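Novice: below are the sequence and a predicted model for it; my questions follow.
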Amino acid sequence: MKLGICSDHGGFELKAILLPFLEQMGHEVKDYGAFTLDDKDDYPDFVVPLAKAVAANEVVRGIAICGSGVGASIAANKVAGVRAALIQDHFSAHQGVEDDNMNMICLGGRVTGFASAQELIVAFLQAEFTNAERHLRRLQKVALLEK
């Protein structure tokens, strides 16, 4: 699967650990930055290009990491076609895809350990949207908000 990943300074260390993990799983991963640790960087500078790539289907799914994951989630959801969520538990990691067609996962580099991040990402990537009528109906209502 072709994935995109990004982080600001708050998620820089976690991203550095996750990149080889994702590649070892066989995924093609495009890194949208940050490429150096700079505590003055701003998460929208990395999250928005990744979100735009997800919306344009340049990558299948995205992983955005900031200090808490909150800012990344807020910024990502400003891009039409992106369905991002801050994920901290296994159920939401797969259910967000299955029911809501989530295409970006947001993690907190300062609050999510590597083993947890690994588990959440695997659940996110293995999940598939159910295409159930009720979920499609709800997503159509959400899509109307983007117009």
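Specialist: Arrived safely.
Novice: elements contacting the helix or strand of the chain with the lowest mean pLDDT?
Specialist: Sorted by mean pLDDT, DSSP states H and E, the helices and strands of the chain end with helix 133-145, the least confident at a mean of 95. If contacts are counted by 3 or more CB pairs under 8 Å, 6 or more residues apart in numbering; DSSP states H and E, helix 133-145 sits against helix 90-100. Quick note: C-beta positions are derived from backbone N, CA and C, even for glycine.
Novice: in the helix it packs on, what counts as buried?
Specialist: Buried positions in helix 90-100, judged by neighbour count with 16 or more other CB atoms under 10 Å: 92-97, 99-100.
Novice: roughly how far apart are residue 50 and residue 131?
Specialist: To residue 131, residue 50 is 25 Å away according to CB to CB, to the nearest Å.
Novice: who has more neighbours, these two?
Specialist: Taking other CB atoms under 10 Å, residue 50 and residue 131 do not tie; residue 50 has more neighbours (30 against 10).
Novice: doesn't the more buried one fall inside a helix?
Specialist: Yes. Counting by DSSP: H, G, I helix; E, B strand; the rest coil, residue 50 is found in a helix.
Novice: ok, it touching residue 79?
Specialist: No. With contact defined as CB atoms under 8 Å, residue 50 does not count as touching residue 79 (9.1 Å).
Novice: hmm, back to that, in a markdown table, list the buried residues of helix 90-100 along with pLDDT and distance to residue 119.
Specialist: Below are the buried residues of helix 90-100 laid out as a markdown table (pLDDT from 0 to 100; distance: CB to CB, whole Å):
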| residue | pLDDT | distance to residue 119 |
| --- | --- | --- |
| 92 | 98 | 12 |
| 93 | 98 | 8 |
| 94 | 98 | 11 |
| 95 | 98 | 14 |
| 96 | 98 | 14 |
| 97 | 98 | 15 |
| 99 | 98 | 19 |
| 100 | 97 | 20 |
